[in-house]
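Enquirer: Quick one, what's the 3D model for this:
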Amino acid sequence: MHNRIRLDTLSEVESFLAITKGIDSDIELYNNKNGYRVSGKSYLGVLLASQEWGDNIYVHSNEDIYDKIKKFIIETSPNDGVAIHE
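Expert: As a prediction, this is how the structure comes out:
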């Protein structure tokens with residue numbers, strides 16, 4: 001599963017982490033412009049992504065977590081190369 005997300009506030013970061021820490025599978029945040037990747041369960045990693053990557057944060061998980069994180073998902077354009085939900 002790949003989705004583009006946005007985390008604008010510390011409260012959103014904490015809420016996202018509360019969700020991801022309860023998921024058994026690995027969750028990775030990545031920035032497709034520079035190739036950076038961080039754990040979606042790491043406070044420092046998610047905080048870094050939220051502050052430095054802006055609206056270029058993508059989440060990857062082998063498990064379908066769409067329903068759990070849908071409040072953070074933002075629409076993608078066809079040029080992004082990433083489907084809203086796959």
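
Enquirer: Every contact and neighbour count from this point should use C-alpha atoms.
Expert: OK.

Enquirer: Spit out the contact partners of the residue most central in space within the chain.
Expert: Centroid-nearest residue in the chain, with Cα atoms, centre = their mean: V59, separated by 3.4 Å. Neighbouring residues of V59 by Cα atoms under 8 Å, 6 or more residues apart in numbering: 1-5, 27-30, 40.

Enquirer: need the helices for this protein, in chain order.
Expert: 10-20, 43-52, 66-69 (DSSP state H).

Enquirer: Please name every helix or strand in contact with the least confident helix or strand in the chain by mean pLDDT.
Expert: Ranking every helix and strand in the chain by mean pLDDT, DSSP states H and E puts strand 2-5 at the bottom, with a mean of 93. Where contact means 3 or more Cα pairs under 8 Å, 6 or more residues apart in numbering; DSSP states H and E, strand 2-5 is packed against strand 57-61.

Enquirer: how about the strand it packs on: buried residues?
Expert: By 16 or more other Cα atoms under 10 Å, the buried positions in strand 57-61 come out as 57-61.

Enquirer: Just checking: what are the partner strands of it?
Expert: strand 2-5 (antiparallel), strand 27-30 (antiparallel) (DSSP bridges).

Enquirer: In a markdown table, list those strands along with distance to Q51 and mean neighbour count.
Expert: A markdown table is the format used below for those (distance: least, Cα to Cα, whole Å; neighbours: other Cα atoms under 10 Å):
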| stretch | distance to Q51 | mean neighbour count |
| --- | --- | --- |
| strand 2-5 | 13 | 22 |
| strand 27-30 | 13 | 22 |
